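Chemist: build me a model from this:
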Amino acid sequence: PPLAWNGSVTINVDCMFGFTNENCSECIPGHGGSTCAKCVPCHNTRGVCGEFGMCYCNALNFTGPSCSDCAEHYYGNECQAIPYVLDVRPATGIDKGGNIVRVYVDNLENAIGSDLKCRFGSLEVSATVDIVSANTILCVAPEQKPSTVKVYVSTDGGVNWIS
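Modeler: Next up is the predicted model:
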């Protein structure tokens with residue numbers, strides 16, 4: 001190595017590929033994680049490059065290797081939440097109808113103010129949102145023959161149903 005005028009030795013150390021900074025402690029652009037591996041293409045507002053160069057999504061509604069797919073229960077270009085039924089209470093009722101059924105729906109906030117309906121088997125009834133809990137739809141069960149029926153909810157007046 002060359003000597004400086006004061007007698008000291010200057011040594012230049014090259015960083016391993018993917019690393020930068022004077023002490024090789026940061027990744028070059030397009031690389032990430034502790035090994036500064038090359039990043040897979042990652043949607044720049046939905047995910048970040050992380051360990052082993054993998055894309056890690058920073059929002060619950062996105063998934064996939066580049067955070068460009070919608071996670072389960074999300075849809076559309078911006079992956080909006082889809083309402084879906086979590087639970088129905090009570091689980092049983094009388095066959096002559098009239099009992100109030102609470103249908104607990106996740107992501108219902110996107111459907112507030114819409115034309116809500118419940119369907120017990122093939123029988124449709126109108127529904128309301130519970131004032132106490134915004135994720136609960138109240139339905140009055142219709143009279144039915146004794147049987148087991150599936151309960152559905154519609155947030156668009158009966159065009160589409162979720163269960």
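Chemist: poorly predicted segments of this protein, please.
Modeler: Across the chain, the ranges flagged by pLDDT under 70 are 1-7, 10, 109-113, 131-132.
Chemist: report the separation between the one residue sitting closest to the centre of the chain and residue 104.
Modeler: Centre of the chain computed as the mean C-alpha position; nearest residue by CA atoms, centre = their mean is residue 61, 2.8 Å away. Counting by CB to CB, to the nearest Å, the separation of residue 61 from residue 104 is 20 Å. Quick note: C-beta positions are derived from backbone N, CA and C, even for glycine.
Chemist: name the element residue 128 belongs to?
Modeler: Per DSSP states H and E, residue 128 falls inside strand 123-129.
Chemist: tell me who's in contact with residue 144.
Modeler: Shown in contact with residue 144 (CB atoms under 8 Å, 6 or more residues apart in numbering): 95, 97, 120, 121, 123.
Chemist: is it true that the second one touches residue 140?
Modeler: Yes. Assessed by CB atoms under 8 Å, residue 97 is found in contact with residue 140 at 7.3 Å.
Chemist: returning to what we had before: each with direction, which strands does the strand holding residue 128 pair with?
Modeler: strand 117-120 (antiparallel), strand 136-140 (antiparallel) (DSSP bridges).
Chemist: element containing residue 95?
Modeler: Using DSSP H and E, no helix or strand contains residue 95.
Chemist: which residue packs closest to it, ignoring adjacent ones?
Modeler: residue 146 (4.7 Å; CB to CB, 6 or more residues apart in numbering).
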